[in-house]
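Provided below for reference: sequence and predicted model.
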Amino acid sequence: MSGVRYGEQSWNPLARTVELTEDGLRRGGRTTPLAELNLAAMAEAYQRGHWLGGGGAERPLDRLPHGAGIVPVTRVTGTSTPVKVRRAAEFARALGELALWHSGGPEGVGALAGRAWAEGVPLWIARRRTEGPAGPITVAVDRRLVRVDVWGPRAPVVRLRAPHGFHRDDTEPARGLRLSVGDRTAALALRKKLRKSRSSVEAVLPGGPHWTLRRATRAARGCCAASGASPSSPGPRAGPPSRRARCCCRSRPYGTRAPTRWTR
C-alpha cells in the first residue's frame, strides 16, 4: 500500500473516515483515484497560499479550521466535491503538497498556470480534446458560468459568454449570449422549436460568413452514429430521406417493421 498522507481512525466501524494516500482519496467505502482529481488547479491555488473551491472561488489556507470542517476537492470535470474531514487544515495541506508533487513541482505548476493564462481559461475548468482537420481541438465548457472556449491550430479562438446571464424567455434573439471569433463579435440568433431537431442557432460575422448549427437527425448521421450537432451554411433545405433507404446496421429498410416473435 502507498504511504498515507492523511488518515482518520474511529472505534465506530460505521464511521465515514477519510484517508489520503498516493493512490487516491478514500471516503468511507468509496475511493477516488488521483487521476480523477484536478491536481494542477489545486496545486496552483495552494502554491499561492489559497484553497480552490467550487466555481473557481478561493479561500486563504489560514482560514481553514484546524478541527472538523468541510474541504472542497476539485475534480477533472470542473466540479467540486465537499469532503467532511476531522482536521480540515491538515487535510488541505496534505492534499496540496501531494497535488504539487504530482504536477511537477513549483516549476511545472508555474508552466501550467502560464499556459492557462495564455489560453484565457482557468486551470479548474475541464478541457476536452478531439481531433480536427488541422490538428487537435480543445474545448473548455462550464455550464454554471455559461462560458465556452474552443481553440485549435491555425484557427481563431471561439468564445461564448453570457455577461448578464442566459435568459431563456428573453425576446432578444441571442438570449443574453455573446459569441466572439478571434477579435470579432458575431450576431447570434437562437431559434427554439418544439422538436429539438428543428431548433437551430445562427451566427453571423460582420462582413463574413454565416453559420447555422442544428442537431443532426438520425437519418442524416446514420442510426449507428452518436448524437451530435452538424454545422452548415444556409442553403436549400434538403428533402426528407427516402423511406426505402436502408439502415447502415440493419438489413431491413426504413419504414418496415421487424417480424414479431412470440415466446412462451
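Right, received. Where do you want to start?

gap between residue 142 and residue 77?
According to C-beta to C-beta, to the nearest Å, residue 142 and residue 77 sit 10 Å apart. Where C-beta positions appear, they are placed from N, C-alpha and C, glycine not excepted.

okay, those two: which has more neighbours?
residue 142 (18 against 12; other C-beta atoms under 10 Å).

looking at it, that one is touching residue 78, isn't it?
Yes - using C-beta atoms under 8 Å, residue 142 is in contact with residue 78, at 5.9 Å.

Find residues that contact each of the two.
125-126 (C-beta atoms under 8 Å, 6 or more residues apart in numbering).

Please enumerate the shared neighbours of residue 142 and residue 77.
Both residue 142 and residue 77 are in contact with residue 126, where contact means C-beta under 8 Å, 6+ apart.

Beta-bridge partners for residue 31, please?
residue 26 (DSSP bridges).

Pull the number of nearby residues for it.
Neighbourhood size, residue 31 [other C-beta under 10 Å]: 12.

Same question for residue 210.
Neighbours of residue 210 using other C-beta under 10 Å come to 12.

partner residues bridging it?
Beta-bridge partners of residue 210, as defined by DSSP bridges: residue 204.

and it, how far is that from residue 202?
7 Å.

Ok, residue 167 next?
In this view, residue 167 and residue 202 are 18 Å apart by C-beta to C-beta.

try residue 174
10 Å.

between these two, what contacts are shared?
188-189.

In the stretch 151-264 of the chain, where is pLDDT below threshold?
Along the stretch 151-264 of the chain, segments meeting pLDDT under 70 span 217-264.

Which parts of it are helices?
218-221 (DSSP state H, counting those that start in this stretch).

Could you do the stretch 1-150 of the chain as well?
Remark: helices assigned in the stretch 1-150 of the chain by DSSP H, counting those that start in this stretch are 39-47, 88-102, 105-119.

what's the neighbour count on residue 203?
20.

Next, the contact list for it, please.
Per C-beta under 8 Å, 6+ apart, neighbours of residue 203: 179, 186-189, 210-211, 213.

tell me the two of the residues you listed that are most distant?
187 and 213 (13.8 Å; C-beta to C-beta).

Just the pLDDT for the closest residue to residue 76 other than its chain neighbours.
In this structure, residue 76 finds its nearest non-sequential neighbour in residue 38, 5.0 Å apart by C-beta to C-beta, 6 or more residues apart in numbering. pLDDT for residue 38: 95.

any idea how far residue 38 is from residue 70?
18 Å.
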